[in-house]
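> here is a sequence with its predicted model. Questions after.
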Amino acid sequence: MARYELLNNVAHKDLRVITRFGREFGDEIGMVPAFPTEYAELQREYPIFFRKDREDGGYQSVAVLGFGRQENLYLGDGRWNASYLPGYIAKGPFLIGFQERWEDSELRQEPVIHVDLDHPRVGFKEGEPVFEPQGGHSPYLQRIATVLRGIHDGVEGGKAMFAAFEAMGLIQPLKLEIKLDGEQSIDLTGLYGIDRQRLAALGAAELEALHRAGFLEGAFLVLASTHNIPRLIAEKQRRLRLQAQAGTTPGTA
């Protein structure tokens, strides 16, 4: 269970974070949240789709990493085999919380960094230092702060974007049947995508509204990301061949 604390350079002065990858760190996962602020980077290497939130029924975007709940086809031998690391993974044990403070006689919510001290990446002997010996932010923590800002902005902007897409009928359910060979196939269910034909049929006023809101590019980036599906299929097929040669049961190696 997570044990979050407000990060500070006194209580956590010797904190370190392991940055390699592996099953022991929870990296064997089939999809992760995708934030609109990182669509441009994500779409180069990951398929992006939408899912419905079970609690409020709203949409969230996700980057697909594999064809099973615990299959990450970008993970191998302690490395992440892509040039861009999704923000959800890059943030590691950190998240943005909020702290109340008074400013100009007004109570404001100030974003602050929290750390999960029970996260498997967190320790005091191995990994990247979080703070400099003098107490300043390490280069690693500076990068994390940038990632967290992108996630925070992406969450806030994504709500309006997804609502606009839904209002214009752009989000439609998908039925994806992935053929691996003559005998094996995989059905990806519960995913939604941008309806290419509906997008092409939008009128000038609707297109202008999406463009002015900064959402039109997001729709095209999500569509462009689907070219990464063949890459995932090829990697899955490669692993199945290796497992067959080794005489092992197909899994998530």
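Perfect, I can see it now. Numbers count the residues shown, from 1 in each chain.
> need the per-residue pLDDT for His211.
Note for His211: predicted pLDDT of 97.
> residues in contact with it?
Contacts of His211 were listed using C-beta atoms under 8 Å, 6 or more residues apart in numbering, and none were found. (Each C-beta comes from the backbone N, C-alpha and C, glycine too.)
> secondary structure element holding it?
helix 204-213 (DSSP states H and E).
> and the contacts of stretch 29-48?
Looking at stretch 29-48 with C-beta under 8 Å, 6+ apart, the contacting residues turn out to be 60-72, 74, 82-84, 86-89, 150-151, 153-155, 157-158, 161, 217-218, 221-222, 224-226, 228-229, 231-232.
> quick one: end-to-end length of that stretch, please.
Counting by C-alpha to C-alpha, to the nearest Å, you get 15 Å between the two ends of stretch 29-48.
> mind checking the pLDDT average for that stretch?
The model assigns stretch 29-48 a mean pLDDT of 97.
> flag every buried residue along it.
29-39, 41-43, 45-48 (16 or more other C-beta atoms under 10 Å).
> among those residues, which ones are in strands?
Of the buried residues of stretch 29-48, the ones assigned to strands by DSSP state E are 31-33, 48.
> can I get those residues in CSV with distance to Leu207?
CSV is the format used below for those (distance: C-beta to C-beta, whole Å):
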residue, distance to Leu207
Met31, 30
Val32, 30
Pro33, 27
Ile48, 21
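> now, which of those residues sits nearest Leu180?
Comparing these against Leu180 with C-beta to C-beta places Met31 closest, at 18.3 Å.
> report the contact partners of the closest residue to that closest one other than its chain neighbours.
With C-beta to C-beta, 6 or more residues apart in numbering as the criterion, Met31 has its nearest non-adjacent residue at 4.5 Å, and that residue is Val62. The contact partners of Val62, by C-beta under 8 Å, 6+ apart, come to 31-34, 48-51, 191.
> point out the ones among the contacts of stretch 29-48 that are inside helices.
Judged by DSSP state H, the subset of the contacts of stretch 29-48 located in helices is 87-89, 150-151, 153-155, 157-158, 161, 217-218, 221-222, 224-225, 229, 231-232.
> among those residues, name the buried ones.
The neighbour-count criterion (16+ other C-beta under 10 Å) marks 87-89, 150-151, 154, 157-158, 161, 218, 221-222, 225, 232 among the ones in helices among the contacts of stretch 29-48 as buried.
> just give me the closest of the residues you listed to Phe25.
Closest to Phe25, out of all of those and judged by C-beta to C-beta, is Ile89, at 9.3 Å.
> which non-adjacent residue is nearest the closest one?
Val32 is the one closest to Ile89 (C-beta to C-beta, 6+ apart), at 6.2 Å.
> who's the one you found bridged to?
Ala63 (DSSP bridges).
> separation between it and Ala90?
According to C-beta to C-beta, to the nearest Å, Val32 stands 10 Å off from Ala90.
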